[in-house]
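J.: Okay, here's the prediction I keep looking at, along with the sequence it came from:
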Amino acid sequence: MDASGNISIPNGFEWQKRSDTLDTDENREDFEVLENVVIDSVFKLKCPDLNVLCPNEAQNIPNVSKNAYESNLNGLNEVEYGGFSRYVSNDEVILADIIREDGTPPESAAFIRAGPREKLYFHPKKVIAGIVTCGGLCPGLNNVIREIVKTLYDIYDIEKVYGFRGGYGGIYGMKPLELSLDLVSDIHLKGGTILSSNRGGFDSEKILVKLKELGVNQLYLIGGDGTMRGANALYKASLEENKRSGYVLSVAGVPKTIDNDIDLVDRSFGFNTAVTEALHAVRSAKTEAMCAPNGIGVVKLMGRHAGFIATHACLASGDCDLCLIPEVPIALTGAFLYPSFRTFTIK
């Protein structure tokens, strides 16, 4: 990016192409063909695309990271691919059901793969971002805030990042906090959220008026189910506002749940901390039970309708004899009580 804010692809930069696992005959020899395991239809989940929804405002700027561009200008030639290991095409997808066998229907659902694109919708120097945390607290909130800020400044070199305090209502009801790299440098060492949090206060009209006044065109919403429903409603309201005034707002939801109940991800942020803290309760219950005649220790863990925290805490501690989770129906009395547990209690 030059002094005028123009972005061009530096000389010598090449876009990395992905190599295929079976790109040579030699590699193919290590595999056998499964004739009856096929996929002939892939249904891709539709993902909102500003290039389609608001094409008139698209900038189509080459996506060259700040550090890569500066390295090239300084003659370091350390980065060859625009600062990213590779770009991701909108045609790349992740299959929803990757475990297949003979007889599995030859169709699959798929999701667009995340990652850096070759072109940017917004010009980085025209981006003003906002970050909001809503709902209850969760371990890792400050980490998320910090990484969003660092990525926006260090990689994309955007203009400004606002932090809105007090949830949705704080967007229009409180003075925003300008987030700098210095301000967020050590917040990952602290609990809670530096932006504070709140439930309620959602008013799409008031929120859009304030965001438009501040020039915010990217909004990152960190929260649970209610927050994501609000994000969806705000996204729809912003499209109507775009038709009226040409104002474009990109709404990005960052799901927050320590319960780990988000499909197709390995774990949600805060989950590991929840399991670690649960171990203390499990071990304390075991100690209490061992020190009393016929002692039984019972620990009830959070998770709403998901048993991930309970399951992982039991496995990590190695001290539990029975783990009850919502996903697995269980009879607590009668002939269908787990035989091994019934035998254990009788002994």
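T.: Thanks, I have it. Numbering: from 1, shown residues only.
J.: Just to be sure, residue 306 is in a helix?
T.: No. Counting by DSSP: H, G, I helix; E, B strand; the rest coil, residue 306 is not found in a helix; it is coil.
J.: didn't it look like it was pressed against residue 274?
T.: No. Between residue 306 and residue 274 there is no contact under C-beta atoms under 8 Å: 11.5 Å. Quick note: C-beta positions are derived from backbone N, CA and C, even for glycine.
J.: and residue 174, how many neighbours does it have?
T.: Here the number of neighbours of residue 174 (other C-beta atoms under 10 Å) works out to 15.
J.: And residue 286, by the same measure?
T.: Applying other C-beta under 10 Å, I find that residue 286 has 18 neighbouring residues.
J.: Is it in contact with residue 297, as I believe?
T.: Yes. Using C-beta under 8 Å, residue 286 makes contact with residue 297 at a distance of 5.6 Å.
J.: just to revisit the earlier point, in terms of neighbours, single out the busier of residue 306 and residue 274.
T.: residue 274 (22 against 17).
J.: shouldn't that one be in contact with residue 139?
T.: Yes. In this structure residue 274 lies within contact range of residue 139 using C-beta under 8 Å: 6.9 Å.
J.: where do the contact lists of the two overlap?
T.: Listed as contacting both residue 274 and residue 139 by C-beta atoms under 8 Å, 6 or more residues apart in numbering are residue 258.
J.: what's next to the helix or strand encompassing residue 172, contact-wise?
T.: Assessed by DSSP states H and E, residue 172 sits inside helix 167-173. Applying C-beta under 8 Å, 6+ apart, the contact partners of helix 167-173 are 130, 132-135, 164, 166, 195-203, 206-207, 209-211, 227, 230.
J.: Show the contacting residues for residue 328.
T.: residue 307.
J.: backbone phi and psi for it, please?
T.: With angles defined as degrees, to the nearest 10, residue 328 sits at phi -120, psi 110.
J.: Burial check on residue 264, number of neighbours?
T.: 7.
J.: I meant residue 102, not that one.
T.: 8.
J.: Secondary structure class of it, three-state.
T.: coil.
J.: my read is residue 213 is in a helix, agree?
T.: Yes. Under three-state DSSP, residue 213 falls within a helix.
J.: what bits of the stretch 101-250 of the chain have low per-residue confidence?
T.: In the predicted model, the stretch 101-250 of the chain carries no residue with pLDDT under 70.
J.: Dihedrals phi and psi, the closest residue to residue 132 other than its chain neighbours?
T.: Distances taken as C-beta to C-beta, 6 or more residues apart in numbering place residue 164 nearest to residue 132, at 4.7 Å, with adjacent residues excluded. Note on residue 164: its backbone torsions stand at phi -100, psi 120 [degrees, to the nearest 10].
J.: what residue lies at the spatial centre of this structure?
T.: With distances taken as C-alpha atoms, centre = their mean, residue 254 lies nearest the centre of the chain, 5.1 Å away.
J.: secondary structure element for that residue?
T.: strand 250-255.
J.: Could you name the helices and strands sitting against that strand?
T.: Secondary-structure packing of strand 250-255 (3 or more C-beta pairs under 8 Å, 6 or more residues apart in numbering; DSSP states H and E): strand 218-223, helix 225-245.
J.: contacting residues around the shortest one?
T.: By C-beta under 8 Å, 6+ apart, the surrounding residues in contact with strand 218-223 are 122, 127-135, 141, 144-145, 148, 211, 227-228, 230-231, 234, 249-256.
J.: Cool, thanks, talk later.
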